[in-house]
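Visitor: got a predicted model here, sequence first, then my questions.
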Amino acid sequence: MASYRSIRNAFLVVALLGIPVLLLRAAAQEPQGLSGFDRAVRRVGAPLEAGVSYAAGSVGRFFERWVLQARLQEDNETLDAENRQLRLELRALTAVEEENKELRRSLQMRAKVAEDMIAAEISGVEQSPFFRVVKLQIDRGAGFVRPGMAVIADTGVVGRIDRADEANADVMLITDPRSKIAVEVARTRAPGILAGLDEDTCLVHVASDFPVQVGDLIQTSGVDELFPRGHPVGQVVRVEDVVGDQQRVHVVPAVRFDRLDMVWVVLASAPPPDPGAEQPRKPAAAAGLGPLR
Amino acid sequence: MVRALIYTLLGWVLLAGVAGLGHSFNLTVMLPATSAVLLAHLAFTRELSLPLGLAVAIMLGYLEDQHQGTPVGALSLAHGVTYLLTVWAGTRIAVEGAIVRALAAGVVALTVDLLTFGELVLLADRLGIDKRTLVHALPQLRWHALATVLAAPAVWLLADLLLGLWDRLLGRNTVARPRSRAATNWYRP
């Protein structure tokens, strides 16, 4: 039985192997030829391949979209990081722009004020319940700053130098209780002495002959020969009548001390105005040899 | 007989599937020979009798011929001869484990390719093929074998699953005898 099976298998193997041999022989004779069976197989195989291709294409497109989304997410993260960086740069640029504006204002003020001044940068603020002092760092002209010199900003009066060394100085703000500066009411020219009261208020005693109104501007009078005349000091917020011929005026400083970055130290008072400035002057003769006539 | 049909249909679907996937994903790398994996599965698991297995192998080769555009009969004959060689090898070596199966599938793919190469060289003049071109293509066989090795575990598992499913439909116990170890006793005396 076993031998019969072996013989049968051997026969079948040879017969089966004969089929491809015949097919190959036929193909060798006519490479382009297709039998009916070939056509039938192709008829089934082609749509099968096309169907798989379509299905695979759909799956592929899905994954492609998924990959695309992943890429988009990566791009988004990159752009987000870039955006953060740009925002930081923009913030820095805005700060530079603000600084530039302030410098321009300072330069404009420098042009307006006749006194000899030196620029200084605020380097710190003292924290004390009683005294209001800010620290200055003098960039150039170290050694010129002395106690008592006036310190002004483009928006108004800041205070006076309290202590100074080579390149640093303490500024006693006008709100400091020790501060006393000569001022006047801009509208009436009524003089007074401005003294510090509390953190953001100053006090001026003005003669009752000159009525003061809330909203009046207070400016430096220049009487003390420390501050340039006509520089803003603050605005009247409250007026109190006191017994006698005085009125007590509450003033809010024009300068926001918490937003102060750069100030000017007035080194010397402006020279007195030249009385003959308006009249034409005769040019003085040149010394030395003159031209031959 | 149904198992033979399952092998053939699976081989056909895989053949078309791989071609379709290659087209869809614009793959330029060498694609695996899924028929060679099925051939190894067929030979080493001894699911079918020798003549029926040979018929399936030749049918798989024929389908490859049709899809790959080789002269009809070239891959059919190569598949048939490779199947016989694999069956002979299967009586002497045991193929167990995913890695060994994958390697075996790679060797089967390489054998099919070499046999096809031989056939084509023999018929080169008749078919109008330049022999140097055939020789030039020989180094590509290693990539074909490598792709087959990489794809083999999945194809093997798929064949196991389908045949196991068929067994379950018939109510056969496939738990006691794992599909990979299932064997007919046609080769035994």
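Guide: Sure, I can see it.

Visitor: tell me the SS of A:V236?
Guide: strand (DSSP: H, G, I helix; E, B strand; the rest coil).

Visitor: distance check, A:T188 against B:G118.
Guide: Going from A:T188 to B:G118 by Cβ to Cβ, to the nearest Å gives 120 Å. From N, CA and C alone the C-beta is placed, and that goes for glycine too.

Visitor: low-confidence ranges in chain B?
Guide: Applying pLDDT under 70 to chain B flags residues B:20-29, B:69, B:172-189.

Visitor: which residue does it have closest to chain A?
Guide: B:G73 (3.0 Å; Cβ to the nearest Cβ).

Visitor: burial measure for that residue, as a count.
Guide: Look at B:G73: counted by other Cβ atoms under 10 Å in any protein chain shown, it has 25 neighbours.

Visitor: residues from chain B in reach of chain A?
Guide: Counting by Cβ under 8 Å from any Cβ of the partner chain, chain B comes close to chain A at B:12-13, B:16-17, B:19-21, B:23-25, B:49-51, B:54-55, B:58, B:61-63, B:65-67, B:71-74, B:76-77, B:80-81, B:84, B:119, B:123, B:126-128, B:186, B:189.

Visitor: PyMOL command for the buried members of the residues you listed?
Guide: Applying 16 or more other Cβ atoms under 10 Å in any protein chain shown to the residues of chain B next to chain A, the buried members can be selected in PyMOL as follows:
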select buried, chain B and resi 12+13+16+17+19+20+21+23+24+49+50+51+54+55+58+61+62+63+65+66+67+71+72+73+74+76+77+80+81+84+119+123+127
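
Visitor: among the residues of chain B next to chain A, which ones are in helices?
Guide: Judged by DSSP state H, those include B:12-13, B:16-17, B:19-21, B:23-24, B:50-51, B:54-55, B:58, B:61-63, B:65-67, B:74, B:76-77, B:80-81, B:84, B:119, B:126-127 as members of helices.

Visitor: how about low-confidence regions in the stretch 51-200 of chain A?
Guide: Those would be A:51-57, A:59-61, A:63-64, A:106, A:110-112, A:114, A:124-143, if you go by pLDDT under 70 across the stretch 51-200 of chain A.

Visitor: and if we set it to 80?
Guide: A:51-68, A:71, A:99, A:101-144, A:162-170, A:177-178, A:197-199 (pLDDT under 80).

Visitor: could you pull out the strands for it?
Guide: Here the stretch 51-200 of chain A has its strands, by DSSP state E, counting those that start in this stretch, at A:116-125, A:133-138, A:150-152, A:157-164, A:168-173, A:180-185, A:191-198.

Visitor: deepest of the ones you listed, which one?
Guide: Comparing the strands of the stretch 51-200 of chain A by mean neighbour count (mean count of other Cβ atoms under 10 Å in any protein chain shown), strand A:150-152 ranks first with a mean of 27.

Visitor: from the chain's centroid, how far away is that one?
Guide: Put simply, strand A:150-152 sits 26 Å off its chain's centre (Cα atoms, centre = their mean, to the nearest Å).

Visitor: what pairs with that strand, parallel or antiparallel?
Guide: When sheet partners are counted by DSSP bridges, strand A:150-152 sits next to strand A:157-164 (antiparallel), strand A:262-268 (antiparallel).

Visitor: what comes up buried for the shortest one?
Guide: Using 16+ other Cβ under 10 Å as the burial criterion, the residues of strand A:262-268 that qualify are A:262-266.

Visitor: make TSV from those residues and add distance to A:R25 and pLDDT to it.
Guide: Shown next, in TSV, are those (distance: Cβ to Cβ, whole Å; pLDDT from 0 to 100):
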residue	distance to A:R25	pLDDT
A:M262	101	79
A:V263	107	83
A:W264	109	84
A:V265	111	86
A:V266	115	85
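
Visitor: what is the nearest of those residues to chain B?
Guide: Looking across the buried residues of strand A:262-268 and measuring by Cβ to the nearest Cβ, the closest to chain B is A:M262, at 65.0 Å.

Visitor: hmm, A:E102 and that closest one touching each other?
Guide: Yes. Counting by Cβ atoms under 8 Å, A:E102 is a contact partner of A:M262 at 6.0 Å.

Visitor: can you tell me the closest non-neighbouring residue to the residue minimising distance to the centre of chain B?
Guide: With distances taken as Cα atoms, centre = their mean, the residue of chain B nearest its centroid is B:A36 (2.0 Å). Nearest non-adjacent residue to B:A36, counting by Cβ to Cβ, 6 or more residues apart in numbering or on different chains: B:A109, 3.7 Å away.

Visitor: for the one you found, helix, strand, or coil?
Guide: B:A109 - assigned by three-state DSSP - is helix.

Visitor: and for it, the neighbour number?
Guide: Residues near B:A109, counting by other Cβ under 10 Å, number 28.

Visitor: give the contact list for it.
Guide: Residues in contact with B:A109 (Cβ atoms under 8 Å, 6 or more residues apart in numbering or on different chains) are B:32-33, B:36-37, B:144-145, B:148.

Visitor: circling back: can you lay out the buried residues of strand A:262-268 as a markdown table showing distance to A:R65?
Guide: Formatted as a markdown table, the buried residues of strand A:262-268 follow (distance: Cβ to Cβ, whole Å):
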| residue | distance to A:R65 |
| --- | --- |
| A:M262 | 57 |
| A:V263 | 62 |
| A:W264 | 65 |
| A:V265 | 68 |
| A:V266 | 71 |
